[in-house]
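Undergrad: All I have is the shape, not the residue letters:
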């Protein structure tokens, strides 16, 4: 009687060759790192412009009577708005990001000895490319 598909562990060599397929090239690494650096810088500058008043009120909260939860929510909304405004930077590297996340997950699973889960992560990545 054959094993159900969820019991299939695959071959070690298959998993290792799949891992090599999702390793980032030097060019992809450079593009990813540069885009992330630009994204983080733009979000930081946006927050310095848009969120500074909320941050100051949070820092002075101990001497005021405002509700800290409301201020924290306002700050989180401001940060989210800045992240959304700069989302186009991340759209340029979304394929590289998927590949990087798949590689990182596979490395973690393989380190723990879960080859079947590493293979499943790779298959999920391949399926996501077809969507």
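TA: Happy to help now that I have it. In this text the structure is predicted, and so the values were computed from the model without any measurement. Numbering: from 1, shown residues only.

Undergrad: Just the residues contacting the helix or strand of the chain with the lowest mean pLDDT, thanks.
TA: Lowest by mean pLDDT, DSSP states H and E among the helices and strands of the chain is helix 12-21, with a mean of 84. Helix 12-21 has contacts (C-beta atoms under 8 Å, 6 or more residues apart in numbering) with 103, 106, 107, 110, 115, 118, 119, 122. Where you see a C-beta, it was placed from the backbone N, CA and C, and this is true even at glycine.

Undergrad: change it to 10 Å
TA: Outside helix 12-21, the residues that touch it by C-beta atoms under 10 Å, 6 or more residues apart in numbering are 9-11, 99, 102-103, 106-107, 109-110, 114-119, 121-123, 125-126.

Undergrad: can you tell me which of those are in helices?
TA: If you go by DSSP state H, the contacts of helix 12-21 have 99, 102-103, 106-107, 109-110, 115-119, 121-123, 125-126 in helices.

Undergrad: and residue 23, which of the three is it?
TA: Classification of residue 23 by DSSP: H, G, I helix; E, B strand; the rest coil places it in coil.

Undergrad: For the residue lying closest to it once chain neighbours are set aside, which residues are in contact?
TA: Among residues not flanking residue 23 along the chain, residue 103 sits closest, at 6.0 Å (C-beta to C-beta, 6 or more residues apart in numbering). Counting by C-beta under 10 Å, 6+ apart, residue 103 touches 18, 19, 20, 21, 22, 23, 24, 121, 122, 125.
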